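Trainee: Would you be able to build a 3D model of this:
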Amino acid sequence: QVQLVESGGGLVQAGGSLRLSCAASGRTFSTYAMGWFRQAPGKEREFVVNISWNGVGTYYADSVKGRFTISRDNDKNTVYLQMNSLKPEDTAVYYCAARQFAMSRDPDSVDYWGQGTQVTVSS
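Mentor: Got it, this is the predicted structure:
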């Protein structure tokens, strides 16, 4: 069982930055690929980025490539999402996700979800 708790969301002006954190419980964190998804009002949950269990591999959605950076610290059981050059269209609830061994871009394949943190970007 893995429990995920996100933090770091908030309100920011367009062009600004935020850093999200996701703290995971459990001794097997390092065996899980981690990712971030987001869901805007009235839209389906969509893939943002993922990172392999050892931090070597990352994959970004085209919409955030070059602006967002994912990282993880397995000693602290934490994954981070640095978001720069934020745009109003980035406004959404951001969810941390865990899937053992390999992350998929399909939300239905995620093993564990966090509760979500709101990110609002004003124009």
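Trainee: which residue is nearest the centroid of this protein?
Mentor: residue 36 (2.3 Å; Cα atoms, centre = their mean).
Trainee: For it, give me its contacts.
Mentor: Residue 36 is in contact with 20, 22, 48-50, 70, 79, 81, 94-97, counting by Cβ atoms under 8 Å, 6 or more residues apart in numbering. Glycine gets a C-beta too; all of them are placed from N, C-alpha and C.
Trainee: For it, pull up the helix or strand it's in.
Mentor: strand 32-39 (DSSP states H and E).
Trainee: List the buried residues of that strand.
Mentor: Residues of strand 32-39 classed as buried: 32-38 (neighbour count, 16 or more other Cβ atoms under 10 Å).
Trainee: Check stretch 68-81 too.
Mentor: For stretch 68-81, by 16+ other Cβ under 10 Å, it's 68-70, 72, 74, 77-81.
Trainee: Take that stretch, keep the C-alpha atoms, and write them as CSV.
Mentor: What follows is stretch 68-81, C-alpha atoms only, in CSV (Å, rounded to 0.1, in the frame of the first residue of the first chain):
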residue,chain,number,x,y,z
PHE,A,68,8.0,21.6,-16.3
THR,A,69,10.6,19.4,-14.7
ILE,A,70,10.0,16.2,-12.7
SER,A,71,12.5,14.8,-10.2
ARG,A,72,12.5,12.4,-7.3
ASP,A,73,14.4,11.7,-4.1
ASN,A,74,14.1,8.1,-3.2
ASP,A,75,15.8,8.7,0.2
LYS,A,76,13.0,11.1,1.1
ASN,A,77,10.2,9.2,-0.7
THR,A,78,9.3,12.3,-2.5
VAL,A,79,8.7,13.4,-6.1
TYR,A,80,8.7,17.0,-7.3
LEU,A,81,7.3,18.9,-10.1
